[in-house]
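Chemist: Quick one: sequence plus predicted model below, questions after.
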Amino acid sequence: MVNDTPQWVFGYGSLIWRPDFEFIEAVPAALSGFARRFWQGSHDHRGLPEHPGRVVTLVSAPGETCVGMAYLIKPEIVQHTFERLDYREKNGYERWRHPLTLQCGRSVDSLVYVAPKHNPAYLGHADADIIVHQILRSEGPSGSNISYLLELATALRRLNACDKHVFELESLARSIMNKGSPCENFIQ
Ligand code: SIN
């Protein structure tokens, strides 16, 4: 990794609301051709090896855009920051290089953590109610899986991002927690 240039990193999951690293800029950004999905198992953060939770990864989705946050890391700490992030994202995530569009319209080179299909913790697609029930009963060293889902939905709303998948899961989870109808709170 080159150490004399700043580096952008794109966060689309917990990195949106919990970037535990130093940065010199943080701006909303979008990654084209990908969609955020709760398809990655979490054995180390929001679940346990015997009861994995579900966290987000990116899947190929031509024509779609994933909105998140881009952080600019200063050159002197790029290496250290990515060593720490590699550890944080260790359960199946790979570091990919991908162009990113910042809110101002500028395109930049970025690094993004993606958990691809072939990783051992990958869970893949399931019906929304299966995903939500798994999230509701999972908890790990970083906290409950439901707080991950609710924090993500709140963070996306703050970014004015429309993510049907996340909002549908949030709505279903809230209605189960409130014992209301799953359709009542559906957010488009
Ligand atoms: C990310 O936030 O960009 C990666 C997925 C996660 O840690 O939730």
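Modeler: Yep, that arrived. Residues are numbered from 1 along each chain as shown.
Chemist: How about the residues of this structure by the ligand?
Modeler: By the rule CB under 6 Å from any ligand atom, the part of the chain lying against the ligand is Gly11, Tyr12, Gly13, Ser14, Leu15, Val55, Val56, Glu89, Tyr113. C-betas here are computed from N, CA, C, even on glycine.
Chemist: Please flag which of those residues sit within strands.
Modeler: The members of the residues of the chain next to the ligand that map onto strands under DSSP state E are Gly11, Val55, Val56, Tyr113.
Chemist: Most neighbours out of these, which is it?
Modeler: Val55 (30 neighbours; other CB atoms under 10 Å).
Chemist: what about Glu83, how many neighbours?
Modeler: Quick note: Glu83 (other CB under 10 Å) scores 11 neighbours.
Chemist: Next: the one 5 residues further on.
Modeler: Around Arg88 there are 18 other residues, counting by other CB under 10 Å.
Chemist: For it, which non-adjacent residue is closest in space?
Modeler: Asp20 (7.6 Å; CB to CB, 6 or more residues apart in numbering).
Chemist: Distance check, that neighbour against the ligand.
Modeler: 11 Å (CB to the nearest ligand atom, to the nearest Å).
Chemist: So that residue belongs to a strand, correct?
Modeler: No - going by DSSP: H, G, I helix; E, B strand; the rest coil, the assignment for Asp20 is coil, not a strand.
Chemist: what are the phi and psi angles of it?
Modeler: phi -90, psi 50 (degrees, to the nearest 10).
Chemist: Is Glu139 bridged to anything, and to what?
Modeler: Following DSSP bridges, Glu139 is listed with bridge partners Ser144.
Chemist: Can you give me every residue that contacts it?
Modeler: Glu139 makes contact with Arg46, Gly47, Leu48, Gly53, Asn145 under the criterion CB atoms under 8 Å, 6 or more residues apart in numbering.
Chemist: Can I take it that the first one is in a helix?
Modeler: What it means is Arg46. No - with three-state DSSP as the criterion, Arg46 is coil rather than part of a helix.
Chemist: Contacts only, for the closest residue to it other than its chain neighbours.
Modeler: Leaving aside its chain neighbours, Arg46 sits nearest to Gly53 (3.7 Å; criterion: CB to CB, 6+ apart). Gly53 is in contact with Gly41, Ser42, His45, Arg46, Gly47, Gln134, Ile135, Ser138, Glu139, Gly140, Asn145, Tyr148, counting by CB under 8 Å, 6+ apart.
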